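Q: fold the following, please.
(4 chains)
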2 protein chains.
Amino acid sequence: MNDESGVERPKIGRREAQRQATEEAILTAAETVFAEAGYGGATMQLIADLAGLPKANLHYYFATKEALYRAVVERIFEIWLRAADTMDGAADPAQGIGAYIDAKMEISRRHPNGSKVWASEVMHGAPVIQDYLETTLRNWTAGRVKVIERWIAEGKMAPMNPEHLLYMLWATTQHYADFNHQIETLNGGKPLTRAQWAAAKASVKELILRGIGVA
Amino acid sequence: MNDESGVERPKIGRREAQRQATEEAILTAAETVFAEAGYGGATMQLIADLAGLPKANLHYYFATKEALYRAVVERIFEIWLRAADTMDGAADPAQGIGAYIDAKMEISRRHPNGSKVWASEVMHGAPVIQDYLETTLRNWTAGRVKVIERWIAEGKMAPMNPEHLLYMLWATTQHYADFNHQIETLNGGKPLTRAQWAAAKASVKELILRGIGVA
DNA sequence: TCCAATTCTGACCGTATGGTCAGGGTTCAG
DNA sequence: CTGAACCCTGACCATACGGTCAGAATTGGA
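A: Residues are numbered from 1 along each chain as shown, chains lettered A, B, ... in the order given. Model prediction:
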């Protein structure tokens, strides 16, 4: 009688599902607003409107603006970390670094708002995720530096400072999200087409791989 | 009698000089606060405090927060443009692009706050300098693309998409300003030393010049 | 069917912020 | 010396924002 769809009734709480959907909608709306207006410029009212619910209800799900912001930042950090794994398990730099560039460019294309929030957070001194930087990120970086040093020792790529190589990877890939407005403007006011994105990816990979001496 | 210093009395308006000095102090303070807190998070009170004058006086020099912000952004854009010229008049890519990287890295080192304000402005859709992007920046870019294409045609560097090369130059050099907090954290919480800055510059130049096939 | 837990919401509040203004102080040309 | 232009400032607004709360609506297990 109350079965509206043809799908089997969801065993695990219709309520729980609804709650997760609402949280998801809020997080997406918040990501957009934080990206477009910055933390200080964002208002709970705007986020609520975009998510399609009253402001008071927003505070039912996330007690404070800061808590909501933190959730948004942690969310994008997860995505960032997952991409980081693509660099592992590769036998040679061309494959490992190439895959990492692909993954990070894909994040820039599909999550520009998240990337902007992340950039903004770091630019302002990482007030809410400083601990992540000092633990997770520091560890990940140290591990990758080791890998790069091994590749260099094995003669698989040109000798260079691994840290600065990582910074260049982050910078170039992230640029396509953070500065997409500038890129669009220089592209005649139009977003990059699918083909242009492919060309961007190829250019970045080509230049960096040749730069590290593996092309 | 009223001659306090040994210096000759300034011919051109003591008043004018004072005004300029105050404006300069305000702009510097504003740059810092906007960089650290973003446009929305910055307050006129904070800027006034940092500049060492009452808030009301601030409004005497800059009528509105937006006008002050615009002045700050235009100021850094000037610096940015001056660096852009270093790429001109070079006979070959190694020299031209090398000099440009040097100049932009120097900006990141000496004007991190300005760079952050600029990045923030573009990230949020360039609400106040959209016209600059569409005129000055677009023209400058088109000119440089021509130069790069000529270099490629003359066989002085590897063939590649000139726009994406420019984006990589901007991205890598600006990264050292915008993400300096992250870099510091990964550097054991300490700012880069003079030697580390030199290493950064060298790494960036080396990788990019090799990437475009001129090293 | 019933009721306790959960979810939702309009109305409200205290505070911080951008901006104003009247009036006092300072400078400098004539 | 004088007065007009310029500079400075404390006190004061109006508004917008984050957050609260009492109570209504809904849900789902017993």
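
Q: going by C-alpha atoms from here, please, whenever you check contacts or count neighbours.
A: Fine.

Q: so A:V214: helix, strand or coil?
A: At A:V214 the chain is in coil, as set by DSSP: H, G, I helix; E, B strand; the rest coil.

Q: run through the residues of chain A sitting next to DNA strand D.
A: A:13-15, A:42-45, A:55-56, A:59, A:63-66 (CA under 7 Å from any atom of the strand).

Q: buried only: go through those residues for me.
A: Buried by 16 or more other CA atoms under 10 Å in any protein chain shown: A:A42, A:T43, A:M44, A:K55, A:K65, out of the residues of chain A next to DNA strand D.

Q: where does the last one land on pLDDT?
A: Translated: A:K65. Residue-level confidence at A:K65 comes out at 98, pLDDT.

Q: please name the nearest non-neighbouring residue to it.
A: Nearest residue to A:K65 in three dimensions, chain neighbours excluded: A:M44, at 6.9 Å (CA to CA, 6 or more residues apart in numbering or on different chains).

Q: wait, the one you found touches A:P54, no?
A: No. If you go by CA atoms under 8 Å, A:M44 and A:P54 don't touch, sitting 9.7 Å apart.

Q: so which helix or strand takes in the residue in chain A that DNA strand C sits nearest to?
A: DNA strand C sits closest to A:N57 of chain A, with a gap of 3.4 Å, by CA to the nearest atom of the strand. In the assignment (DSSP states H and E), A:N57 maps to helix A:55-61.

Q: just the CA atoms of that helix, as CSV, please.
A: Extracted in CSV, the C-alpha atoms of helix A:55-61 (Å, rounded to 0.1, in the frame of the first residue of the first chain):
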residue,chain,number,x,y,z
LYS,A,55,17.8,27.8,8.0
ALA,A,56,16.6,26.4,11.4
ASN,A,57,16.6,22.9,9.9
LEU,A,58,20.1,23.4,8.7
HIS,A,59,21.2,23.9,12.3
TYR,A,60,19.4,20.7,13.2
TYR,A,61,21.8,18.8,11.0
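
Q: which strands or helices does the next helix or strand after that helix pack on?
A: Using DSSP H and E, the next helix or strand after helix A:55-61 towards the C-terminus is helix A:65-84. Identification of packing neighbours for helix A:65-84 by 3 or more CA pairs under 8 Å, 6 or more residues apart in numbering or on different chains; DSSP states H and E yields helix A:14-41, helix A:93-110, helix A:112-123.

Q: pLDDT weak spots in chain A?
A: For chain A, the stretches with pLDDT under 70 are A:1-13.

Q: in this structure A:I212 contacts A:G155, no?
A: No. Applying CA under 8 Å as the test, A:I212 and A:G155 come out as separate, 11.2 Å apart.

Q: neighbour-wise, which of the two wins?
A: A:I212 (22 against 10; other CA atoms under 10 Å in any protein chain shown).

Q: so what's the residue count around the residue of chain A closest to DNA strand C?
A: When neighbours are counted by other CA under 10 Å, A:N57 comes out with 11.

Q: swap in A:G188?
A: A:G188 has 11 nearby residues by other CA under 10 Å.

Q: where does it land in three-state SS?
A: coil.
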